[in-house]
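Participant: below is the sequence, then the predicted model.
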Amino acid sequence: MKHFLDINKTNLDDLNRILEQAKKTKITRTGFSNGAPDQNQALSGKMVALIFEKPSTRTRVSFDMGVRQMGGQTMVLSGAEMQIGHGESIADTARVLSRYVDMIMIRTFAEATLLELAEYSNVPVINGLTDRSHPCQIMADIMTFQEKHGSISGKKVVWLGDGNNVCTSFLHAAGKFGFNLTFAGPEALNPEIEAMGYARSNGSVIEIERDASKAVKDADLIVTDTWLSMHDDQAARARRHNLLRPYQVNSELMKMANKDAIFMHCLPAHREEEVTSEVMDGANSVVFDEAENRLHVQKAIMQWCLEE
């Protein structure tokens, strides 16, 4: 069974195959309307369950459209509509769904939910996001970087802000694709120690720099994410704003990086908080390219999961 659970759990050759397939998928869709079928009908006759315990825009639309474009059908389920982890064990949910569908994508809270679902499922499971990681997003980011600047190997990536689940997947990618990463953010929001250790053990240079202006020197890619969680109360939001204000990505900070450095954000963005509109809408921003590439990468991931 081929699951796509995390970048660090997937063979590098397979990751590169996924990226190459995503590029081919994107090229062959040139001239098609968004609702038109693909030439590639790898999901023809397949039913894919899309489970959302967390709200979503990009993940839901991109997976739903991707399945349909490749000839499959989707069953979109929310946590409120299911017994998952409540009235029924996750293991039993996996056993039941495996009798009905050909693949499962889940966007959930605890990583343990994802892992248990995969352990007991007889069909491929894809990590659409957990509180720990977001591998589909980072695969789209790697694809986007390659489109703009070629190989990311040996490049300097700077993460500004909260060392969250997206940052963890960037660290996993650093260890796989051979780039270096500098984290610039408050100590209270440092990245996961295990993820930093993984990247370092695979030869990547992983550094922590509290001064944002020093961190971005010689950067090829600058990345940030929202400062706020959808579950934060007002007091928590105020604390996080105070902690993270020095790490806002603005035009002055971008000028300190390499001239052709690009800016990424997985969205949704809170403009004038973690990033200014000047940067978001500027020539170095590729945020909407990333968003589009979620569609192409995820189609390639689903095709990979179903290959013998």
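Facilitator: Cool, got the structure.

Participant: can you list the weak-confidence ranges in the stretch 151-300 of the chain?
Facilitator: Where the stretch 151-300 of the chain drops to pLDDT under 70, the residues are 230-232.

Participant: longest helix of this protein, counting residues only.
Facilitator: Longest helix of the chain, by residue count under DSSP state H: helix 287-306.

Participant: hey, C-alpha coordinates of it in PDB?
Facilitator: Taking Å, rounded to 0.1, in the frame of the first residue of the first chain, the C-alpha atoms of helix 287-306 are listed here in PDB:
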ATOM      1  CA  VAL A 287       1.900  32.800  -3.800                       C
ATOM      2  CA  PHE A 288      -0.700  32.300  -6.400                       C
ATOM      3  CA  ASP A 289       1.600  30.000  -8.500                       C
ATOM      4  CA  GLU A 290       1.900  27.900  -5.300                       C
ATOM      5  CA  ALA A 291      -1.800  27.800  -4.900                       C
ATOM      6  CA  GLU A 292      -2.300  26.600  -8.500                       C
ATOM      7  CA  ASN A 293       0.500  24.000  -8.200                       C
ATOM      8  CA  ARG A 294      -1.400  22.400  -5.400                       C
ATOM      9  CA  LEU A 295      -3.800  21.100  -8.000                       C
ATOM     10  CA  HIS A 296      -1.100  19.700 -10.300                       C
ATOM     11  CA  VAL A 297       1.100  18.200  -7.500                       C
ATOM     12  CA  GLN A 298      -1.900  16.500  -5.700                       C
ATOM     13  CA  LYS A 299      -3.100  15.000  -9.000                       C
ATOM     14  CA  ALA A 300       0.400  13.500  -9.400                       C
ATOM     15  CA  ILE A 301       0.400  12.300  -5.800                       C
ATOM     16  CA  MET A 302      -3.000  10.500  -6.200                       C
ATOM     17  CA  GLN A 303      -1.800   8.900  -9.500                       C
ATOM     18  CA  TRP A 304       1.400   7.700  -7.700                       C
ATOM     19  CA  CYS A 305      -0.500   6.300  -4.800                       C
ATOM     20  CA  LEU A 306      -2.600   4.100  -7.200                       C
END
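
Participant: packing partners of it?
Facilitator: Packing partners of helix 287-306 (3 or more CB pairs under 8 Å, 6 or more residues apart in numbering; DSSP states H and E): helix 12-28, helix 58-69, strand 103-107, strand 125-129, helix 135-149, strand 262-265. Quick note: C-beta positions are derived from backbone N, CA and C, even for glycine.

Participant: got the buried residues for stretch 107-126?
Facilitator: By neighbour count on 16 or more other CB atoms under 10 Å, the buried set for stretch 107-126 is 107-109, 111, 113-118, 120-121, 123-126.

Participant: okay, it in CSV with CA atoms only?
Facilitator: The C-alpha trace of stretch 107-126 is given here as CSV (Å, rounded to 0.1, in the frame of the first residue of the first chain):
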residue,chain,number,x,y,z
ARG,A,107,-7.2,17.0,6.7
THR,A,108,-7.2,16.6,10.4
PHE,A,109,-5.8,17.8,13.8
ALA,A,110,-3.7,15.1,15.4
GLU,A,111,-1.0,13.2,13.4
ALA,A,112,-2.1,10.1,15.3
THR,A,113,-5.4,10.2,13.5
LEU,A,114,-3.7,10.2,10.1
LEU,A,115,-1.3,7.4,11.1
GLU,A,116,-4.0,5.1,12.6
LEU,A,117,-6.2,5.7,9.6
ALA,A,118,-3.3,4.6,7.3
GLU,A,119,-2.4,1.7,9.4
TYR,A,120,-5.8,0.1,9.2
SER,A,121,-6.8,1.2,5.7
ASN,A,122,-6.7,-1.1,2.7
VAL,A,123,-6.6,1.9,0.3
PRO,A,124,-4.0,4.7,0.0
VAL,A,125,-4.2,7.5,2.5
ILE,A,126,-3.0,11.1,1.7
